[in-house]
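Asker: Fold the following for me, if possible:
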Amino acid sequence: MNKIVDNLINNAIATAENTADVVFPPLEKVNFSAVKTPIYLRNVSGDYVPVPIETGQAIIRTDNSTPLGVMKKRYAIADNSELDNAVREGLEDSLPKEALQNIKLIEKTADNGSICRWGYSFDGLGRDIRQLTGSKTQLNFTSFNPAQVKPFIEKQVEYYELKVQTWQAWANKEINFDQAFKVLQDNYPASESEIKRAEKKGFTAGEAKSRKTAQLMEQFEKEAEQRGSTVWALYSALTHYASHSTGSFTVKNSANRDNVETTLIQREREVNNVTASESFLELAA
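Answerer: The predicted structure is shown next:
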């Protein structure tokens with residue numbers, strides 16, 4: 001009898017879990033609307049005259065009247081909340097129910113909201129990367145706001161699974177510090193002034209290294225201690241640079257400007273170029 005009751009309870013729990021409503025965290029940082037407003041210029045007489053709509057209109061946040069930029073007539077405004085609703089619907093349609101639990105929201109903005117990025121991280125789609133040191137790093141699938149939601153997400157899940165296989169191969173591929181240095185040196189060569197300073201110290205032009213290469217090599221050493229001296233450790237050093245704005249990788253003028261996320265976006269592009277470079281691909285093969 002007790003076994004039957006236990007089975008009924010377990011079945012009820014499983015049913016409740018499978019039919020539970022999917023809960024997405026509410027938008028906060030990016031949850032604002034914007035409107036177009038005319039731009040006025042002051043003429044020689046001191047009067048303010050409107051700029052033709054065809055030339056452009058100012059985009060203003062409705063919550064605090066902060067200007068975000070200028071938009072031409074042929075473009076329309078899509079509020080973040082409307083885009084987010086489409087993203088959520090696409091995620092619910094595309095991902096398995098068990099993956100849509102414990103969803104985490106990631107929001108990033110820059111320049112008072114003129115740059116907005118947000119996405120959702122899913123613990124149910126996490127994958128472990130086994131490292132040479134014996135430790136594991138779990139990577140969670142994250143979907144950022146796409147234009148065509150459902151087909152995009154389906155392709156992203158497939159792409160993510162392929163990337164996990166690649167990352168695991170990188171975690172198994174041992175490299176030495178000279179090999180890591182060559183990749184960084186090829187992608188971040190020393191400037192003329194850095195070469196001149198190195199030559200004054202008795203080094204050759206080929207031995208001169210850029211400040212960024214030096215910083216990334218320091219980060220690679222830290223990553224290698226934790227993950228082993230592998231391609232994965234080199235990649236981790238690069239992604240640390242692309243995702244952090246503290247320590248060795250502070251963002252210039254960030255104390256006076258809201259430019260951190262803009263800079264990190266540029267760094268992501270840099271890292272993508274590095275990992276697509278001939279020297280990196282040759283090392284990772």
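Asker: who does the helix or strand hosting K155 touch, helix- and strand-wise?
Answerer: Per DSSP states H and E: K155 is located in helix 149-172. Contacts defined by 3 or more CB pairs under 8 Å, 6 or more residues apart in numbering; DSSP states H and E place helix 149-172 against helix 80-94, strand 115-130, strand 136-144, helix 231-243. All C-beta atoms are positioned from the backbone trio N, CA, C, and that covers glycine.
Asker: Of all the ones you listed, which one comes closest to V164?
Answerer: Comparing the helices and strands packed on helix 149-172 against V164 with CB to CB, the closest turns out to be strand 115-130 (4.6 Å).
Asker: deepest of the helices and strands packed on helix 149-172, which one?
Answerer: helix 231-243 (a mean of 22; mean count of other CB atoms under 10 Å).
Asker: mind exporting it as PDB, just the C-alpha atoms?
Answerer: Output in PDB follows, covering the C-alpha atoms of helix 231-243 (Å, rounded to 0.1, in the frame of the first residue of the first chain):
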ATOM      1  CA  VAL A 231      44.200  25.700 -25.800                       C
ATOM      2  CA  TRP A 232      41.200  25.900 -23.500                       C
ATOM      3  CA  ALA A 233      43.200  27.900 -21.000                       C
ATOM      4  CA  LEU A 234      44.300  30.300 -23.800                       C
ATOM      5  CA  TYR A 235      40.700  30.700 -24.900                       C
ATOM      6  CA  SER A 236      39.600  31.300 -21.300                       C
ATOM      7  CA  ALA A 237      42.200  34.000 -21.000                       C
ATOM      8  CA  LEU A 238      40.800  35.700 -24.100                       C
ATOM      9  CA  THR A 239      37.200  35.400 -22.900                       C
ATOM     10  CA  HIS A 240      38.200  36.800 -19.500                       C
ATOM     11  CA  TYR A 241      39.500  39.800 -21.300                       C
ATOM     12  CA  ALA A 242      36.300  40.100 -23.400                       C
ATOM     13  CA  SER A 243      34.000  39.900 -20.400                       C
END
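Asker: now it and strand 115-130, what's the angle there?
Answerer: Helix 231-243 and strand 115-130 are oriented at 160 degrees to each other (axes from the mean of the first three to the mean of the last three CA atoms, to 10 degrees).
Asker: circling back to that earlier point, flag every buried residue along the helix holding K155.
Answerer: Of all the residues in helix 149-172, those buried under the rule 16 or more other CB atoms under 10 Å are 149-150, 152-153, 156-157, 160, 164, 167-168, 170-171.
Asker: just stretch 197-208 next, same as before
Answerer: 198, 208.
Asker: So for the helix holding K155, mean pLDDT?
Answerer: Model confidence over helix 149-172 averages 81 on the pLDDT scale.
Asker: quick one: it to helix 80-94, angle?
Answerer: 70 degrees.
Asker: Show me what secondary structure element comes after helix 149-172.
Answerer: Next along from helix 149-172, by DSSP H and E: helix 177-187.
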